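Participant: would you be able to build a 3D model of this:
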Amino acid sequence: MKYEIIFDGGSIGNPGDAYGSYSIKRGRGSYRKPVRCDFGKATNNEAEYKALLEGIHGILDDVRNTDVLLKDVELIIRGDSKLVLNQVEGTWKAKNPRMRALRDQVRRLLALFGSVSYRHHDRSRSVDVLGH
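Facilitator: Here you go, the predicted structure:
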């Protein structure tokens, strides 16, 4: 079974009031209605990570309601944050302790899936799907 997640996060001020959203697509379907999240005070990058974490939890919940095993799920993660995608993938280091902790949380969850791939896209794609 194939799942895709598209995520985005930001903050008003840096750090400031942080928000994010994600949308999930299962199989050949279309992206579902975006889920909006408020994270309190955080940086832009922390909000990006937190939106991704919320999206992964959304997929985990979705898979639990099926007969599909997590090891049989092919997950594609799409976003406009090169920092998050490259740190999670391991191409870039996470030097900041807060970023490292968030990266490690994401990696622990992603280890549950059969395969994971990462796709960077332009900001306009995030806006088209998520509305911000």
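
Participant: which neighbouring elements make contact with the helix or strand where Asn86 lies?
Facilitator: Per DSSP states H and E: Asn86 is located in helix 82-89. Here helix 82-89 touches helix 44-64, strand 74-79, helix 97-110, strand 115-120, going by 3 or more C-beta pairs under 8 Å, 6 or more residues apart in numbering; DSSP states H and E. In this view, the C-beta of every residue, glycine as well, is placed from N, C-alpha and C.

Participant: go through the ones you listed and name the closest to Ile6.
Facilitator: strand 74-79 (4.4 Å; C-beta to C-beta).

Participant: one step back: got the CA coordinates for the helix holding Asn86 in PDB?
Facilitator: Extracted C-alpha coordinates of helix 82-89, given in PDB (Å, rounded to 0.1, in the frame of the first residue of the first chain):
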ATOM      1  CA  LYS A  82      14.900  21.200   2.400                       C
ATOM      2  CA  LEU A  83      16.200  21.400   6.000                       C
ATOM      3  CA  VAL A  84      13.700  18.800   7.300                       C
ATOM      4  CA  LEU A  85      13.800  16.500   4.400                       C
ATOM      5  CA  ASN A  86      17.600  16.500   4.200                       C
ATOM      6  CA  GLN A  87      18.100  16.100   8.000                       C
ATOM      7  CA  VAL A  88      15.600  13.200   8.200                       C
ATOM      8  CA  GLU A  89      17.100  11.500   5.200                       C
END
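
Participant: and the average pLDDT for that helix is what?
Facilitator: What helix 82-89 shows for mean pLDDT is 98.

Participant: how far does that helix sit from its chain's centre?
Facilitator: Centre-to-centre, helix 82-89 and its host chain are 10 Å apart (C-alpha atoms, centre = their mean, to the nearest Å).

Participant: next, the angle strand 115-120 makes with that helix.
Facilitator: Helix 82-89 and strand 115-120 are oriented at 160 degrees to each other (axes from the mean of the first three to the mean of the last three C-alpha atoms, to 10 degrees).

Participant: can you list the buried residues in helix 82-89?
Facilitator: Residues of helix 82-89 classed as buried: 83-85, 87-88 (neighbour count, 16 or more other C-beta atoms under 10 Å).
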